[in-house]
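Chemist: I would like to see how this sequence folds:
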Amino acid sequence: MARNKVKDIIQTRGLYIQRDAKRDAPLQYGRLRNSITPVAEDNRFTSVVYSDVEYAPFQEFGTVKMGAQPFMMPAFERHSERVIQDIDKELKL
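Modeler: Predicted structure coming up:
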């Protein structure tokens, strides 16, 4: 039972990360925002949020000619501590 609850927490937080990353992605790039996708694997305690748009890393980390406009890491950082807190709370019950 606890395993399923932990998986649910991780998957739910993955959706929050997706939401925030889409919100934080540069506005002029609708393709980038639309490409941000969460993938949860049934057998694992993971939720991967990613973009398959080829210029996503350049937006996130910048280039020698363009400053970074991070959108994935800030979203992850906002929710990473909460994942731990939610799991800790669930396992203490």
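Chemist: Verify the stated contact: residue 7 with residue 45.
Modeler: Yes. Residue 7 is in contact with residue 45 according to CB atoms under 8 Å; the separation is 6.0 Å. To be clear about C-beta, it is placed using only N, CA and C from the backbone, and glycine gets the same treatment.
Chemist: Of those two, which one has the most company?
Modeler: residue 7 (18 against 13; other CB atoms under 10 Å).
Chemist: Which secondary structure state is assigned to the more buried one?
Modeler: Following DSSP: H, G, I helix; E, B strand; the rest coil, we place residue 7 in the helix state.
Chemist: Contacts only, for it.
Modeler: When contacts are counted by CB atoms under 8 Å, 6 or more residues apart in numbering, residue 7 touches 40, 45.
Chemist: Quick check: the gap between it and residue 82.
Modeler: Look at residue 7 and residue 82: by CB to CB, to the nearest Å, they are 16 Å apart.
Chemist: any idea which element the one residue sitting closest to the centre of the chain lies in?
Modeler: The residue lying closest to the centre of the chain (CA atoms, centre = their mean) is residue 17, at 3.5 Å. Residue 17 belongs to helix 2-24 when assigned by DSSP states H and E.
Chemist: following that helix, which helix or strand comes up?
Modeler: helix 30-35.
Chemist: Show me what that next one is packed against.
Modeler: Applying 3 or more CB pairs under 8 Å, 6 or more residues apart in numbering; DSSP states H and E, one finds that helix 30-35 contacts helix 56-61.
Chemist: got a list of what residue 35 touches?
Modeler: Contacts were defined as CB under 8 Å, 6+ apart; by that measure residue 35 touches 51-53, 56.
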